[in-house]
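Q: Structure, please.
(one chain, ligands or ions: 1)
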Amino acid sequence: MREDRLQKIAARHNLLLIEDAAEAHGAEISGRRVGSIGRAGTFSFYANKIITTGEGGMITTNDAGLARLMRRLRDHAFHPERHFWHEYVGFNYRMTNLQAAVGLAQTERMGAIVAARRRLRTWYDERLQSIPGLQLPTEARGYRSVFWMYACAALIAPLQSEAHDGSAHSVITLENPASLPPIV
Ligand SMILES: Cc1ncc(COP(=O)(O)O)c(C=O)c1O
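A: This next block holds a predicted model:
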C-alpha cells in the first residue's frame, strides 16, 4: 500500500505507524527511504540481511522523545541520574562496539551492496523471463526494491489434468503474500 494511504489510516484511527523494514535497507517509496515514513522504522542486522552485524538491528525515528525512551529501554531502563535505579522494566538490547564497527563499515558499502542485488535481479530476469508460466518479481512505479529476495510465482499445469475439475491450470503461488508484487 502507498505510504500516504498508510499515514492517513494511522492518523484517522490515532495509530502509531511503525514500519517493519527488516530486510529493506535502502528501499524507497516515492523517493523516500523506508524507515523514514512512519513514526519509527525497524531494521534487522541478522546475518542474511542487506546490512549485517551478525545479529541485532536498528530503529529509526525522528521523534526525539521516542528515541530517548528506546535508548533507555535497551539499557535496562536505567535512570539517567540515579545509579542502578530502574524506572520501569527494561531490556538488554545493547549492541557491542565490535558489532557497531562492522555495521558502520557495511553501511558505507550499502550503495554498492544494493546495486549488486539489483544487477542480480536483472541477471535472473534475463534467464527466467522466457519460461512460460513463471511470474517474475515486478517493481511498481514509485517503488525502488533492494531485492533482498527474488520470489517468483509459478503457474504449473497439473500432472493429471483429468483428475482436476476441468480448469486448465493449478495456480501455485508462494504462500507468503509478501512475496507477491506490491498492490498499488
Ligand atoms: C519482515 C521481517 N520482520 C522481522 C524480522 C526479524 O528480524 P530479526 O531476526 O533481526 O529479529 C525478519 C527477519 O527476517 C523479517 O523478515
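
Q: can you point me to the longest helix in this structure?
A: For the chain, the helix reaching the highest residue count under DSSP state H is reported as helix 110-128.

Q: What residues sit buried inside that helix?
A: Neighbour-count burial for helix 110-128, with 16 or more other Cβ atoms under 10 Å as criterion, is recorded at 113-114, 117-118, 121. Yep, even glycine has a C-beta here, placed from its N, CA and C like the rest.

Q: Quick check: mean pLDDT of whichever helix or strand residue 4 is part of?
A: Secondary structure here is read from DSSP states H and E; on that basis residue 4 sits in helix 3-12. Here helix 3-12 scores 90 as its mean pLDDT.

Q: what does that helix contact?
A: Outside helix 3-12, the residues within contact range by Cβ atoms under 8 Å, 6 or more residues apart in numbering are 15-17, 29-30, 32, 37-38.

Q: Can you tell me the number of residues neighbouring residue 90?
A: 14 (other Cβ atoms under 10 Å).

Q: what's the nearest residue to it if we skip its chain neighbours?
A: Among residues not flanking residue 90 along the chain, residue 77 sits closest, at 2.8 Å (Cβ to Cβ, 6 or more residues apart in numbering).

Q: list the buried ones in stretch 139-152?
A: Across stretch 139-152, burial judged by 16+ other Cβ under 10 Å covers 143-148, 150-151.

Q: could I have the helix holding residue 4 exported to PDB, CA atoms only?
A: As requested, the backbone C-alpha atoms of helix 3-12 are provided in PDB (Å, rounded to 0.1, in the frame of the first residue of the first chain):
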ATOM      1  CA  GLU A   3       2.800   5.300   2.200                       C
ATOM      2  CA  ASP A   4       0.400   8.300   2.100                       C
ATOM      3  CA  ARG A   5      -2.600   5.900   2.400                       C
ATOM      4  CA  LEU A   6      -1.000   4.200   5.400                       C
ATOM      5  CA  GLN A   7      -0.300   7.600   7.000                       C
ATOM      6  CA  LYS A   8      -3.900   8.600   6.500                       C
ATOM      7  CA  ILE A   9      -5.200   5.400   8.000                       C
ATOM      8  CA  ALA A  10      -2.900   5.800  11.000                       C
ATOM      9  CA  ALA A  11      -3.900   9.400  11.500                       C
ATOM     10  CA  ARG A  12      -7.700   8.600  11.200                       C
END
